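Visitor: here is the input, now give the coordinates:
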Amino acid sequence: QRCTIFGCHRRERRVAGFEQSVGQRGRRRAHSGSLYRPSWALPEAGAVDGTGRAIHHAHPMTNRPTLAQFLASRPPEATALLERDVPMRFGALDELSRRVATGLARLGVGRGDRVALWLPNIPAWLAVFFGCARLGAITISVNTRFRSHEVQDIIGRSGARVLIFWPGFRGIDFAAILEACDASALTRLESIVAYTESEAAPAEVLGRAVIPWPALASEAPRHIDDARPDDGCIVFTTSGTTKAPKFVLHTHDSIRDHAEDVATLFGYREPDAIVLVTAPLCGVFGFDNAMGALAGARPLVMYPTFDAATAAEAIVRHRVTHTNATDEMLAALLKAVQGPRPFPSVKAFGYAAFSPALADLPARALEPAHRARAFNVAVRQEAFVVDRIDLLRDALFDQPVLFQRLAEMLREPVVRRIRRTPEPIE
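Guide: Model prediction:
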């Protein structure tokens, strides 16, 4: 079966400061809703959340929460992350994001401002994203594989006011990569924040004093939510095969609705669901996986980088049920383990097909040595989609087949609506 689902709603109006990037075609499309709507509504004015904090209404006339409200609505005592095997509760992640929001606000970040996020898969990535969302600011996602040319282009064209990076990640001198950028292209960059763990942060980069991460993340939690559901909140970049990468802006609405859809359709709401994120959060593949787990209020297992042996051990140790990865990652996972059914907890693996040599991956996953279900998904930065699904039925599993539920939900008129996938934003 071939289907296109979860088309992300286009962001048509232009955001101040973007150059040749977002919503220049001038047409508007109607908000088409979502396959799944959360049962909870925004609280009445003056209400408080589960920890007694006052809730600010960004859009009191709708039942469309902002991303800050989305995160605050998760059960605070439930485990949100297992980052390098260290648990972090939803309440702690929410509080960290509020502290980061206060720190960013002190740096002058407000509605519509851009913050470049150049970090790997760590809790700080999510904290900055949700902190920016609370301010109505926009996260500019920067891949840690990018070097001076790409970083200079993305930060410069986006007009980012703040950059947050890990200067010693994987032993790479990211500060030197920044120093190699043309300073004249980064005139709108005002502040640089350095996340560190064991290494020392540089005192200065590009002639700007570097702000240590603890200074940003130790501010008092911010309780005001300045965002609206239709505000832009994150920019991903396209591949840029013919020219410079295009910027694709997503809104609170599209991120939230898609995360809820993923949680429902992929089984992330099941009480035993444990999700492993393998792809970087800086791209929609890893980002969608993480947001789906948060929407389902289930633990997300994460590591700064992907290592097949480490990931395979984590699947067994944490009883991971779902993950999405590239085909090469999935092949490496299958190769890293031996014995009959080495991943007994796994219900489904999604993978993106990049290598023609791995076209037989679903069949290999179903071999007696592995006995795992795998399905193919296609990923586009400009529209969150699952583009192709190979339906695999395996009698070796006692649980209901996940994709039968998916097929049941993809009935008319839903299929007619979801086929209207937005065109790329140029």
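Visitor: tell me, how many residues neighbour the residue lying closest to residue 180 once chain neighbours are set aside?
Guide: Nearest non-adjacent residue to residue 180, counting by C-beta to C-beta, 6 or more residues apart in numbering: residue 148, 4.0 Å away. Glycine gets a C-beta too; all of them are placed from N, C-alpha and C. Using other C-beta atoms under 10 Å, residue 148 has 14 other residues around it.
Visitor: distance check, residue 148 against residue 154.
Guide: 11 Å (C-beta to C-beta, to the nearest Å).
Visitor: now residue 314
Guide: With distances taken as C-beta to C-beta, residue 314 is found 31 Å from residue 154.
Visitor: do residue 123 as well
Guide: Noted for residue 123: a distance of 23 Å to residue 154, by C-beta to C-beta.
Visitor: what's the answer for residue 180, then?
Guide: As for residue 180, its distance to residue 154 is 15 Å (criterion: C-beta to C-beta).
Visitor: looking at the two, which one has more neighbours?
Guide: In this view residue 180 and residue 154 are compared by other C-beta under 10 Å, and residue 154 has more residues nearby, 22 against 12.
Visitor: number of residues surrounding the closest residue to the more buried one other than its chain neighbours?
Guide: Once flanking residues are discounted, residue 154 sits nearest to residue 142: 5.7 Å by C-beta to C-beta, 6+ apart. Residues lying near residue 142 (other C-beta under 10 Å) number 23.
Visitor: phi, psi of residue 325?
Guide: With angles defined as degrees, to the nearest 10, residue 325 sits at phi -150, psi 170.
Visitor: is it bridged to anything, and to what?
Guide: Bridge pairing for residue 325 (DSSP bridges) gives the partners residue 351.
Visitor: now the longest helix anywhere in the chain: mean pLDDT?
Guide: The longest helix of the chain (DSSP state H) is helix 90-106. Taken as a whole, helix 90-106 has an average pLDDT of 98.
Visitor: for it, which outside residues touch it?
Guide: The contact list for helix 90-106 (C-beta atoms under 8 Å, 6 or more residues apart in numbering) reads 50-51, 68, 71-72, 74-81, 115, 123-124, 126-132, 134-135, 137, 162, 215-223, 294, 297.
Visitor: shaky segments in the stretch 51-200 of the chain?
Guide: 51-62 (pLDDT under 70).
Visitor: ok, which stretches of it are strands?
Guide: 79-83, 86-89, 114-118, 138-141, 162-165, 191-194 (DSSP state E, counting those that start in this stretch).
Visitor: which of those sits closest to residue 323?
Guide: Residue 323 sits nearest to strand 79-83 of all the strands of the stretch 51-200 of the chain, at 12.9 Å, using C-beta to C-beta.
Visitor: CA atoms only for the closest one, dumped as PDB, please.
Guide: Once non-C-alpha atoms are left out, strand 79-83 reads as follows in PDB (Å, rounded to 0.1, in the frame of the first residue of the first chain):
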ATOM      1  CA  THR A  79       9.600   9.300  33.200                       C
ATOM      2  CA  ALA A  80      10.100  11.400  30.100                       C
ATOM      3  CA  LEU A  81      13.700  10.600  29.200                       C
ATOM      4  CA  LEU A  82      16.200   7.900  29.700                       C
ATOM      5  CA  GLU A  83      19.300   9.800  28.500                       C
END
